[in-house]
Structure formats: structure tokens, C-alpha cells
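how would this look folded up:
(2 chains, ligands or ions: 3)
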Amino acid sequence: MSPLLRAARAPGSGLARRLEEIVGSAHVREDAGALLTFSTDATPLERGDPDCVVFPATTEEVAEVLTVANERRIPVVPRGSGTNLSGGTVPHHGGIVLVLTRMNALKEVSSDDLVAVCEPGVRTIELAQAAAAERMLFPPDPGSQTTATLGGNVAECSGGLRALKYGITRDYVLGVEAVLATGEVVRTGGRLVKDVAGYDLSRLLCGSEGTLAVMTELTLRLLPAPEASGTGMAYFPDLADAARAVSRVLASGVLPVTLEFLDQVCIGTVEDYARIGLDTAAGALLIFGQDGDQRSIDADLARMAGACEAEGATQVRIAGSPAEASEVLEARRAALPSLSRLEPLTLLEDATVPRSRIAEMVEYIQEVARRHELKIGTFGHAGDGNLHPTVVLDPADAGAVRRAHVAFAEIFARAIDLGGTITGEHGVGMVKLKYMERQHGPEYLALLRRIKAAFDPNGILNPGKLGS
Amino acid sequence: MTSPPVGERRGIFTPELLDRCISCGFCLPACPTYGLTGEETSSPRGRINLMRAIETGQLAVDDPTVVEESSFCLGCRACEPVCPAGVQYGALLEEWRDELWRPERRPWRLRALLWAVDARARVRLMGVARRHAKGAGEGAEPASLMLGCFERALYPRVSRSARELDPSLAAPPAQGCCGALHAHNGELERGNALARELGEALPGTIVTTSGGCSAHLASVLGPERVKELSQWLAGRGSTVDEPATGARPRIGFQDSCHARNGLGVGKEPRELIATVGEYVELPSAAACCGAAGTYAILRPEDSARVLDRHLDEIADADLDVLAVANPGCYRQLQQGIKRRRLRTKVLHLAELLADADRIVSHRSA
Ligand SMILES: Cc1cc2nc3c(=O)[nH]c(=O)nc-3n(C[C@H](O)[C@H](O)[C@H](O)COP(=O)(O)OP(=O)(O)OC[C@H]3O[C@@H](n4cnc5c(N)ncnc54)[C@H](O)[C@@H]3O)c2cc1C
Ligand code: SF4
Ligand code: SF4
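Ligands and ions are numbered 1, 2, ... in the order given. The predicted structure is shown next:
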């Protein structure tokens, strides 16, 4: 605990009492059991003990909580559903966990302006479904969409399966209402696609990981929904063949909505678990998909199948019905479940490289796995180079845990060398801060700190993470 | 990365069960109590973190939050089918309550209930006055109808209807309780022993009209030995009565949590209902109604809060009949519907199918 915090929490300071005055006594918790359940998120091995948990319902309440915390220099960690994988909501410095899930009003879904306005606690799937009901599409679809909040999505700048064609969360954020650490409320952007009045602060808040401001309202861009979608799959002797097939697909003028791959380890693990008849002798499985009108889907799928065959695919299949498409996608859906069943601990990473370097990178990952005697399965987004090397191990085996950390350090270093990044979508959080300097250099980090200070002069928002 | 505090394990939980959770949070939106509070602490992931904390000694077994959450949990197991890591939450909850609800710490209402069903003679007594089904079966391969403990006292017509639908089922009255109540309420060993006893008492396949019993029995005797009624009927291609002529009744269904989340039964009852009326899928059909075994008795207020959404939907859908597949749900929904003065009639699936020729729509418009 920081000395400042200790002083603030000295008997009689009544932090919890003060917060109860703001949000009501039913919405503050400081019992040991509740604190324990807010000490972690989806990140393995990370924890920190908060001093209290607060559930505000309005922007005004958020502003008041931050004002109090700022006066007393108490750390504040914003939290949505706690599904992030980088320790983003772990309160390493104690303080207040500020949970935004009570702010869950979906205020507007407008097909005239193609925008949605909502509070940050709305879950991604809720917006996607509301948009779909009006024949619109909210494209960012992280794997956690049923649970994760839009506030969390924007704060992590989450990606998803459709990134190659549709982009990622930042491409759909038009405006943000946010409360600064000082309690000041600002609005950035608005409902317009074109708007250049001022710095693009909405974009700056995308991926700010709760370190600059607390977002209290989001204005998000929607698209007209595509009519239909279609899916296919192809096996290759080798991942390099699959990578060449991807290049050939893109060169042929097709921009697919889905391009996912599984490496050999994943194919074997999925088949062991799900028994769906995968070809475990194959070196890679590529799943491709397109959306739009039925004629162009058929044409694009045929072209993609052709490209795969031309690059040596041993077997190509186009799903003839939604049920078959669901079968094809099952292999990808089962990747994480099957890996996570092998051992108690699953470390899922998201090193990302330029598309043209995927095969090289996955080969390197396998070499690292062999050298450190680890089981690493890699699956991911072939269209955008976003890889998910996943280590499974037993946390009781301290040696294996240590080797896994070394292995990831090597993997991140190679990703940077190949022109890639340490994180494509999960965020820096606590876990990857130490790799930031290698990727960006000291000047960049100094600038981050100055930006952070402009938003949060006392460093109370999510301390120890970005900008600290 | 910093490591979590690793203490000695206290042996409350089976390590393989407790270690399985990867903390992804996918179970949060499926959990009714998380839905009520919006707080991680009353979510499946939150509860598993509490279990881990008592297992390592980080929190005391009788920490007030730990005690509260172990009983606030409905035990509905809606967190299981959505879990990518295959966490067997129901089994963890049984181990948790086994430790926590030792006889001296057990709520008194629960003690009375467990006592009532603990001996075969008492269970038998509950049923005699109420004319539940009895008789030897007529089938070639032996199959027995389980009469249940509270069901035979509260809803004896259910077992009679089940035998009407399939006379091949034997229904020997000298059968005890299946032990689900014990297993779910802190007496895991006794619960398993009762299930084994019942397995020995009843010949052949055991067919049950209660989802909670079928899941418990299946977990002890193996899924091949036990069939929930709709599974059994669907498997035998049984035909039901000709539906009544006239307007087709609008019929909704309330899943039994354990049949759905424990045994994967969901399609069968819906298909059977569709043969006798217009099946209406309520938005919360698959979510716990709040009966949850002893829950409605132990925590009536929370139970009513869980039920509210269901009653709203039943009112909106203007149902003629709501079919259920578990005696607890039967009572819960019957009482809720009565309180709200809705026109919908609650029937067990067995009663609905056996009486299909007499059920017509009374819709006003
Ligand atoms: C199994 C699994 C699959 C996943 N798949 C994907 C995927 O495909 N793509 C992907 O990109 N990610 C994925 N994730 C990661 C994670 O789900 C996303 O980062 C998600 O956007 C987090 O949302 P959340 O509501 O859980 O946020 P939290 O985890 O609660 O918070 C994340 C960060 O946002 C900050 N924050 C939250 N709300 C606010 C707010 N209102 N204002 C300011 N800051 C805020 C927090 O401080 C924290 O730094 C996956 C995670 C899991 C467990
Ligand atoms: S879905 Fe399963 S693995 Fe994920 S947090 Fe819930 S119980 Fe744990
Ligand atoms: S059993 Fe039901 S109430 Fe309990 S944690 Fe699972 S989903 Fe929630």
C-alpha cells in the first residue's frame, strides 16, 4: 500500500462512508469476500487487493467518486466485466475498484444516422443483437462478446474475428463522454463520420486501458447488415502453404470476412477433445468466410477454395448450409476449450506480426516450445497476423511457469523484430509493460507519461499500467 | 507476473474440479444471481474464487460472505453449459455445502426437510394417502418409474399420468428418496448412498418425472441407467393422446435446470409439447425459476425475485398452459401465478401429455 493511501485510510477517514454518500450504501462493498472476488480478472496469476468496490449508476456519481479519490490520492481501477487478459483491472496498488456494469442503458440505435449511443456497461452482444434487430451490424466481435462490456472493448481497443474486413473497435468509436481523474466531464467527437474539430481524443481513449479517464457514454458507428454469410475450410501439409494461400486469396481481389487458422498442435488437441473428424495429419487448418449478398459470397468462396487448391491444400470444403458452416467453425471455437482442458493453467497471448510473416513466426513459436519443453498451441487470425500462442501447464510446476515466462519473452522479442507487436488486441496492462520500451523506445514512453499527466495529474487512474 | 498466495490445500475440494476454472468470465451472463446483483461476488467465477480462498485458507470457511454466497447460489448449474473449460460447478457446490453446512451449521428448515426424506418408511408414508401410481410394469425390458419423495405427496397425479403414458413402467411403492436433496444441501455421502439404494430397489432403467432427481441419480448410477421422462418418451417414440379439437392451446415450458444443464435435456420436452399444442418459447424458459430445490423454502425473498421475470413473460405471452418437468418448479410457478392472478394453468409435462385430449385454448381474443 502506498504511504499516501495508508494516510487516507487511517481510522476516521471513512473512505467507504464517503463513497456511500455518493452512490448509496447498497453500492459500496468492503467485506473481505467481496474484495477477494475483485482482486483478479481473467488474467492468470495476477492479483492485487482493493480497499473497496464501488458501483456508480450515473456520470455524476462517477465524477464525484473521482473527485474524492483525487483529493485523497487514492488509486481508482475502472472495471467492466473483468474479462481482460492483461491484468488491466487488477488493483495492484489497492484503492477503489470502480465497476461500471450498473451503467448499462442502451440509449439509442439509429438506422438513420447509423449510430448507437450507450452507457459503458452494455455488453457487446447486447448491442450486436439490438443492431441486428434493425438490420444493422456492429462489427467488432471479440471472442468474449457475450460477457465483455463495450466500455472494456473501447478501453482495450478490442479486435475480433472480422478485423481484416471491418477493422477493430477503434474504427467504430465516434464519440465518448468521459470523466477525467480530476472529476471534470469531457465529451469528444460526436455522431459524425466527418469531424475534425480538435485532436482526435476519442481515438486516444481507445486502448487507454482505464489509465486516462473513465468512459461514461459511447457513441458507436454501425453499418448496414450484410444479407448473408458463407464459410469454408482447407487443410494444408504445412502452415507455410496456408500462408501462401492467404496471400493468393487477397491478391485475387477478395477481402474475406473470416480467415482463421489452427496449427498442428491445435488440430490434434481439438480432435482429441471434440471428435469432429479433423485431419490430424495436416500441418494447418484454414477457415475462410465471406459475407454480403449470396451471389458474391458464392463467387468469393469459390475463388478462395481455388486459391487454397493452387497452394497445395490437401482437402477443401465449402459449407452448404448454416448447420455445416457451424460445424466448420466448431474447430475454431473448440481451440481454447480443448487446450484449456489439458492442464490447470492456460496462458493465452496475442503477439501479432505482419501477415506475410505468420508462417515464420509460428515456426519460431514451435521451436521455442521444443527448446523449453512446453506445450504451445497456436491459433489465430490469418488475415491480420494476430496469433494466439497458448501455453498450458501445471502452476504447481514452478520450473514450467518460469520456462513459460522466458518463452513468451522470446516470442515477444521475435514478434517485434519481425515488425509486429507484443499485443494485437489484449492490451498491455500490467503484464506487458516491461516489453513496451523494447517495442517503442524511451522517447515514446516519456510522451505517454506526459499525456497521462495531462489527463490524470496525480496518477490515480489504474496506476502501474500504461503511462506510469 | 506475481504468483497467487499458495497455501496448503485444505482438502475441501477435489483439486481437479477446482483447478479447472480459467477465470474467463463467460459464465457471468448465464447466472441468475449475478443478474440480480450485478456483482462479481455472486457470480460463478466469484464463487469459485471464494472456494479457492477457503481451500487455501485465505478466507475462513465461515467468513460471512462465503457463507452468504454458498446459500445465495441457486445451484441451477446454468454456468456449466456456457463454460469453455468444462468446469463442473454443480459438483463443486456440493463439496462446498458438504463442508459448510455441517449438521450444526445447517439452517433448521433444512434439517426438517432432510429428516423427512431420509428413511424409506417416512417417504412411503408421504405418498399413501395421495394415491400416487403403483403397480407392476408390463414391458419386456424392465423399467421403473421413480415416485419421488415430495412429488408423491404434493403431485401424485404426475406419476399416475406417467404410467398412463407408458403402462410398461413398474411403480413399486417401496422406494425411498433419490438423495438429491441431501447431496445438494451438505450431505454428499448420504445423498450418494440413497441414490445407490434406490438403484438397487428399482429394476431396469429408472424413469423420473423430476429433473433434479434424474441428474443426481445419473451422476451416481451412470446416465445409461437413468432417463428423465421426456428423454424416455422421446426415445421410445411414444404417441400421446389425440389433442382436443378446437383452438390449439398456447403452451410454454419451464426447463428443469438440472435436466437441462446436467443432462442436456431440452429438445425432447419441447418437441413433445409441440405435438399437443402451439409451443411458445419464453425468453427465460431455460433459466432457473427460483424453486431450486430447497431454495424457495430457505430464501423465499430471493426466490421470488428470481421468479419475477418468468411471471412477467408468462403474462406477456398469455399462455394457456405452462408445462414443468420438476415438482419444485411446479410449486414455485403455481404459487407465483396464483399470486399474480394469471389465467395460465401449470401442469407437469406428464399430465399435459396424458390429458391432451381435454386441453383447449381459453384465449379471450
Ligand atoms: C476467453 C477470452 C476470449 C477473448 N477474446 C478476445 C478477442 O477475441 N479479442 C479481444 O480483443 N479481446 C478478447 N478477450 C479479452 C477481453 O475480453 C477484452 O479485452 C474485453 O474488451 C474486455 O472487456 P471487459 O468489459 O471485460 O473489460 P475489463 O476486463 O473489465 O476491463 C478492461 C480494461 O478496460 C478498462 N475499463 C473498463 N471499463 C472502462 C470504462 N468505462 N472506462 C475506462 N476504462 C474502462 C479497465 O480499467 C481495464 O483496463 C478475450 C478474453 C477472454 C477471457
Ligand atoms: S466460464 Fe468456466 S472457466 Fe470461465 S470463469 Fe466461469 S467457471 Fe471459470
Ligand atoms: S449454479 Fe446457478 S446461481 Fe449458482 S453460480 Fe451457477 S449459474 Fe449462478
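
And stretch A:255-273, what's buried?
By 16 or more other CB atoms under 10 Å in any protein chain shown, the buried positions in stretch A:255-273 come out as A:256-271, A:273. (C-beta placed from N, C-alpha, C; glycine too.)

Check stretch B:98-112 too.
So, applying 16+ other CB under 10 Å, buried residues of stretch B:98-112: B:98-101, B:106-107, B:110.

of all these, which comes closest to A:Thr182?
The closest of the buried residues of stretch B:98-112 to A:Thr182 turns out to be B:Leu100 (CB to CB; 45.6 Å).

What's the per-residue pLDDT of the closest one here?
You'll see B:Leu100 listed with a pLDDT of 86.

Just give the closest residue to the residue of the stretch 151-300 of chain A found nearest chain B, not the sequence neighbours.
Among the residues of the stretch 151-300 of chain A, A:Tyr273 lies closest to chain B, at 9.1 Å counting by CB to the nearest CB. Excluding the flanking residues, the one nearest A:Tyr273 by CB to CB, 6 or more residues apart in numbering or on different chains is A:Ser338, at 3.6 Å.

just B:Leu352 next, same as before
Leaving aside its sequence neighbours, B:Leu352 sits nearest to B:Ala323 (CB to CB, 6+ apart; 5.0 Å).

which SSE is the one you found in?
B:Ala323 belongs to strand B:321-324 when assigned by DSSP states H and E.

Could you list every helix and strand in contact with the following helix or strand past that strand?
Counting by DSSP H and E, the element after strand B:321-324 in chain order, helix or strand, is helix B:327-340. In terms of contacts (3 or more CB pairs under 8 Å, 6 or more residues apart in numbering or on different chains; DSSP states H and E), helix B:327-340 is packed against helix B:150-154, helix B:295-298, helix B:300-317, strand B:321-324, strand B:345-348.

Leaving out sequence neighbours, find the closest residue to the residue in chain B that ligand 1 sits nearest to.
Going by CB to the nearest ligand atom, ligand 1 is nearest to B:Cys24 of chain B, at 3.8 Å. Nearest residue to B:Cys24, sequence neighbours excluded (CB to CB, 6+ apart): A:Ala42, at 5.2 Å.

Distance check, the one you found against ligand 2.
Applying CB to the nearest ligand atom, to the nearest Å, the value for A:Ala42 to ligand 2 is 8 Å.

Could you look up the SS state of that residue?
coil (DSSP: H, G, I helix; E, B strand; the rest coil).

Surely it is in contact with A:Ser81?
No. Contact between A:Ala42 and A:Ser81 fails when scored by CB atoms under 8 Å: they sit 9.0 Å apart.

The two: which has the busier surroundings?
A:Ser81 (28 against 25; other CB atoms under 10 Å in any protein chain shown).

circling back: next one, pLDDT for the residue nearest to B:Cys24 please.
Reported pLDDT for A:Ala42: 96.

Same question for the one 10 residues further on.
pLDDT for A:Cys52: 96.

cool, B:Arg45 as well?
Looking at B:Arg45, its pLDDT reads 98.

and it, what element?
B:Arg45 belongs to helix B:44-56, assigned by DSSP H and E.

Up against ligand 1, what does chain B have?
B:Cys24 (CB under 6 Å from any ligand atom).

just so I have it, where are all the strands in chain B?
For chain B, the strands defined by DSSP state E occupy B:143-145, B:205-208, B:226-228, B:250-254, B:278-279, B:321-324, B:345-348.

Mean neighbour count added to those, as TSV?
Formatted as TSV, those follow (neighbours: other CB atoms under 10 Å in any protein chain shown):
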stretch	mean neighbour count
strand B:143-145	24
strand B:205-208	25
strand B:226-228	27
strand B:250-254	25
strand B:278-279	16
strand B:321-324	28
strand B:345-348	23
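
Just tell me which of these ends up closest to A:Ile411.
Among these, strand B:226-228 sits nearest to A:Ile411 (CB to CB), with 48.2 Å.

So what touches that closest one?
Applying CB atoms under 8 Å, 6 or more residues apart in numbering or on different chains, the external contacts of strand B:226-228 come out as B:205-208, B:211, B:214, B:217-218, B:235, B:256, B:259, B:263, B:265, B:268, B:325.

next one: stretch A:393-400
With CB under 8 Å, 6+ apart, stretch A:393-400 has contacts from A:44-45, A:343-345, A:347, A:373-375, A:401, A:404, B:3.

what about 6 Å?
With CB atoms under 6 Å, 6 or more residues apart in numbering or on different chains as the test, stretch A:393-400 has contacts from A:343-345, A:404.

Out of those, who's the most crowded?
A:Ala404 (25 neighbours).

tell me the SS of the one residue in the stretch 51-200 of chain A that gets nearest to ligand 2?
Using CB to the nearest ligand atom, A:Thr147 is the residue of the stretch 51-200 of chain A that sits closest to ligand 2, at 8.5 Å. At A:Thr147, secondary structure determined by three-state DSSP is coil.
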